[in-house]
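>>> I'd like to go over a predicted model; first the sequence, then the structure.
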Amino acid sequence: MFRVGEAQKSAFSWRHIRIGLKNAGRHRDWNRLAQQSAGLEAGVSVNRTLNCHPEFVLSGPTKIIPDSFLDLTFDGGRFLDHSIPVEVLSELGTVQHLVLRVARHLFLTAHPTRKRVPRGFVDAAQLHLISSEANCFTAHLDRSTEIVEGSEFLASGRDLAIRALGAASTGEGLPGDFPPDALELLAALGSKLDDDEFLLVARSANDSLSARVDQSTRAKLAALIKRPLERAESLDGEVEQMDDLAHRYVLRTRDGKRIEVPFEMAQRDSVVLALQWRPITRVRVSGKLVFANPPRMKNVEDLELIDDERAPEIQVAWTRIESFDDIRDGWFSGEGLAPSAHATSVAKMVLARLLIENPTLPRPQIYPTPLGGVQAEWVLGRWATEVTFSAENEPIAAAATHADTGIETVMQFNSGEVSLDRVSPLSDWLRTFTE
Amino acid sequence: MAEHDDQFPDAAEVLFRQVYPNWLTEDGQPSSQAFYPWREVDKGCLSVDRSTLTTPAEAHALFTAPKPAGFEQASAGVWGLSITEVVEVGIAPRPDRIDATHEYPENPAHALLEYPSANPKGWKGLGRRLKVKAADRGCLHPKDER
């Protein structure tokens, strides 16, 4: 007798019940039968959840452990806590498309006079997630048992797809009968995996025909089929350039990589905003990263604006610099040039980037200089340091003096060393006084 | 005995320096530019007032008051450096009393800090050092806003 609602774990699962009933040839009304078998009253639904043992306690007579059509085990990384991010579930759809594409090819090859697959073939290829196991995460996929002409090719298609994945992982050539038009799907499988994760594709749990997919095997496969590797990525960076006509922009990541990213009209305002407010406002984009030269992103699913953690401090510094717009020539008792637009714009960008790239560097004290420049000062311990942005396009002057010993360091950074997009030499120099 | 010992017998005497408004941040930190002479007219000297002869508030009032009662100059606040602090970095203090004219009032507390003429390029560095020392002491006037 089945009892429902007890927390005790069972060696049996909902899948086993369903498959058992299915094997009895009554799969169209599995739920009703299962309910009856469990002694449930009509209208009470059976609890089926992903990634858990159902709250079924079987004291029934027979264990039924059937084979599923395909088992996908996600292991490592995010799957170690026995759950699966929803976005990764799209890999299941990729597998279904792959099997169908290969099966169709095999059918048409075996039937050279046919132009199309038989009626019902595509429906027969539909896979269903019938259960999961709380190991890492194993998804058991089954397909309809309806018999249509050529449906045996679905199993052949599955096997050929697994063999192709296996060959890719060992660096062998792909099976000769693997269809070229399925290469893209083959290469797409595993694109949602992180570096520390892998996917085991197996005909069934106890079968030897299986293949492991991870980023290493995907890279081998990409090389084998001479296509750039693609994988799902979420990137965080600055909008460095924008091509409005081509609807794309260059994203510069924190480690300096430049990636071309397309945008849709609905995203345009966000891209413009990120360009105007860089470096304090960045974008985070999710999509498929193509490891080509240069790398590019496609199929952008999401774009989000994010402010740097130091944005509030930088805003204060920018407001201070912007207040210099009110200063006129002769501001110091008849002497002193007003800060130039060049000095203020360079100071804003370089100081913002300095604060972002050097998290321990405090916000500087900022002043106009009588020569039309902008001075930024920090007292770092006993070191009085300053960076001066000149009125014209002259090198950035940096100096530090120890208040007690008088030891002094003077540096100059020309535009080739420190620019609006690169401040690391200046940042490194300042860091020597904070460590 | 150094020359300044006669003129400034109290090494702890503080010299008051007026800081121009643009050289003060919104949170009250002065620029090092306020602590070295940068104008031709300064001739390598910086104006200060002596604590033995005036107070920070009086010095500020005299500095900012309209002519002829004051010098009608802009100042956001008063910072101070001791005789010891300026002398140890190589700057020579000297009394420089200002007598009254038809345009200005007298200022008997006025003094000058003479920067070493042999090394004008080093004056900025001296300004940075003095800024740290002045900042350590804090704003002397107005106290409530700092």
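That came through fine.
>>> Disregarding residues adjacent in the polypeptide, which is nearest to the residue of the stretch 51-200 of chain A found nearest chain B?
Proximity of the stretch 51-200 of chain A to chain B (Cβ to the nearest Cβ) peaks at residue A:194, 44.6 Å away. Every residue, glycine included, has its C-beta placed from N, CA and C. Excluding its sequence neighbours, the residue lying closest to residue A:194 (Cβ to Cβ, 6 or more residues apart in numbering or on different chains) is residue A:77, at 4.8 Å.
>>> For that neighbour, list the residues it contacts.
Applying Cβ atoms under 8 Å, 6 or more residues apart in numbering or on different chains to residue A:77 gives the contacts A:193, A:194, A:195, A:196, A:197.
>>> Could you do residue A:126 as well?
Residue A:126 is in contact with A:96, A:143, A:144, counting by Cβ under 8 Å, 6+ apart.
>>> Following element in sequence after the helix or strand hosting the first one, please.
Read that as residue A:96. Assigning secondary structure by DSSP states H and E places residue A:96 in helix A:90-110. Later in the chain than helix A:90-110, the nearest helix or strand by DSSP H and E is helix A:121-124.
>>> which outside residues touch that next one?
With Cβ under 8 Å, 6+ apart, helix A:121-124 has contacts from A:100, A:103, A:104, A:107, A:143, A:144, A:146, A:148, A:149, A:150, A:151, A:154.
>>> out of those residues, who's nearest residue B:141?
Among these, residue A:100 lies closest to residue B:141 (Cβ to Cβ), at 83.9 Å.
>>> Please read off the pLDDT at residue 42 from the model.
All of this is about chain A. pLDDT for residue A:42: 37.
>>> not quite, I wanted chain B
Per-residue pLDDT puts residue B:42 at 89.
>>> so how far is chain B from residue A:369?
Residue A:369 sits 7 Å away from chain B when distances are taken as Cβ to the nearest Cβ, to the nearest Å.
>>> neighbours around that residue, how many?
Neighbour count for residue A:369, taken as other Cβ atoms under 10 Å in any protein chain shown: 22.
>>> now chain B, which segments are flagged as low pLDDT?
B:1-4, B:144-146 (pLDDT under 70).
>>> Show me which residues of it sit near chain A.
Applying Cβ under 8 Å from any Cβ of the partner chain, one finds that chain B approaches chain A through B:20, B:22-23, B:25-26, B:29, B:31-33, B:38-39, B:73-74, B:89, B:122, B:124-125, B:128-129, B:131-133, B:135.
>>> Filter the residues you listed down to the buried ones.
Burial by neighbour count, judged by 16 or more other Cβ atoms under 10 Å in any protein chain shown, picks out B:20, B:22-23, B:25, B:29, B:31-33, B:38, B:89, B:122, B:124-125, B:128-129, B:131-133, B:135 from the residues of chain B next to chain A.
>>> Just the strands from chain B, written as ranges.
Ranges of strands in chain B, per DSSP state E, are B:14-19, B:45-50, B:77-82, B:92-95, B:110-114.
>>> sorry, that was for the stretch 1-150 of chain A
A:2-4, A:56-58, A:70-76, A:127-133, A:137-143 (DSSP state E, counting those that start in this stretch).
>>> Turn these into a markdown table, including mean neighbour count, distance to residue A:389 and mean pLDDT.
Below are these laid out as a markdown table (neighbours: other Cβ atoms under 10 Å in any protein chain shown; distance: least, Cβ to Cβ, whole Å; pLDDT from 0 to 100):
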| stretch | mean neighbour count | distance to residue A:389 | mean pLDDT |
| --- | --- | --- | --- |
| strand A:2-4 | 16 | 74 | 29 |
| strand A:56-58 | 21 | 72 | 31 |
| strand A:70-76 | 21 | 49 | 93 |
| strand A:127-133 | 19 | 60 | 85 |
| strand A:137-143 | 22 | 55 | 89 |
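>>> Tell me which of the ones you listed lies nearest to residue B:78.
Evaluated over the strands of the stretch 1-150 of chain A, closeness to residue B:78 peaks at strand A:70-76, with 66.0 Å, by Cβ to Cβ.
>>> can you give me the helices in chain B?
B:3-7, B:56-64, B:83-88, B:123-137 (DSSP state H).
>>> With the stretch 201-350 of chain A instead?
Using DSSP state H, counting those that start in this stretch, the helices of the stretch 201-350 of chain A run over residues A:215-224, A:265-276, A:311-322, A:341-357.
>>> closest to chain B out of those helices?
Per Cβ to the nearest Cβ, nearest to chain B of the helices of the stretch 201-350 of chain A: helix A:311-322, 6.8 Å.
>>> Buried residues of the host helix or strand of residue A:187, list them for me.
Here residue A:187 sits within helix A:183-188, counting by DSSP H and E. Neighbour counts using 16+ other Cβ under 10 Å place A:183, A:185, A:186, A:187, A:188 of helix A:183-188 among the buried residues.
>>> quick one: which of the contacts of residue A:77 is most hemmed in?
residue A:193 (24 neighbours).
>>> surely that one meets residue A:214?
Yes - contact status for residue A:193 versus residue A:214: in contact at 6.3 Å, counting by Cβ atoms under 8 Å.
>>> Identify the contacts common to those two.
Looking at what touches both residue A:193 and residue A:214 (by Cβ under 8 Å, 6+ apart), the common residues are residue A:199.
>>> Check the burial of the residue nearest to residue B:100 when sequence neighbours are not counted by counting its neighbours.
The shortest distance from residue B:100 to any non-neighbouring residue, by Cβ to Cβ, 6+ apart, is to residue B:106 (4.0 Å). Using other Cβ under 10 Å, residue B:106 has 12 neighbouring residues.
>>> Leaving out the residues flanking it, which one is nearest to residue 108?
Went with chain A since none was named. residue A:114 is the one closest to residue A:108 (Cβ to Cβ, 6+ apart), at 6.0 Å.
>>> that's the wrong chain, I wanted chain B
residue B:97 (5.0 Å).
>>> Residue A:283 now?
Residue A:283 sits nearest to residue A:274 (Cβ to Cβ, 6+ apart), 4.8 Å away.
>>> Would you check that the one you found makes contact with residue A:304?
No - the criterion here is Cβ under 8 Å, and residue A:274 misses it with residue A:304 at 10.1 Å.
>>> Report the contact partners of residue B:17.
Contacts of residue B:17 (Cβ under 8 Å, 6+ apart): B:34, B:35, B:46, B:47, B:48, B:78, B:79, B:80, B:81, B:134.
>>> Are any of those buried, and if so which?
B:34, B:35, B:46, B:47, B:48, B:78, B:79, B:80, B:81, B:134.
>>> Show the pLDDT at the residue nearest to residue A:194.
pLDDT at residue A:77 comes out at 94.
>>> I'd like the distance from it to residue A:84, if you could.
11 Å (Cβ to Cβ, to the nearest Å).
>>> now swap in residue A:197 and tell me
10 Å.
>>> residues in contact with stretch A:176-189?
A:91, A:94-95, A:97-98, A:101-102, A:105-106, A:109, A:160-161, A:164-165, A:168, A:199, A:201, A:213, A:218, A:221-222, A:225, A:227, A:229-230.
>>> could you redo the last one with a cut-off of 6 Å?
A:94, A:97, A:98, A:101, A:102, A:105, A:164, A:213, A:221, A:222, A:225, A:227 (Cβ atoms under 6 Å, 6 or more residues apart in numbering or on different chains).
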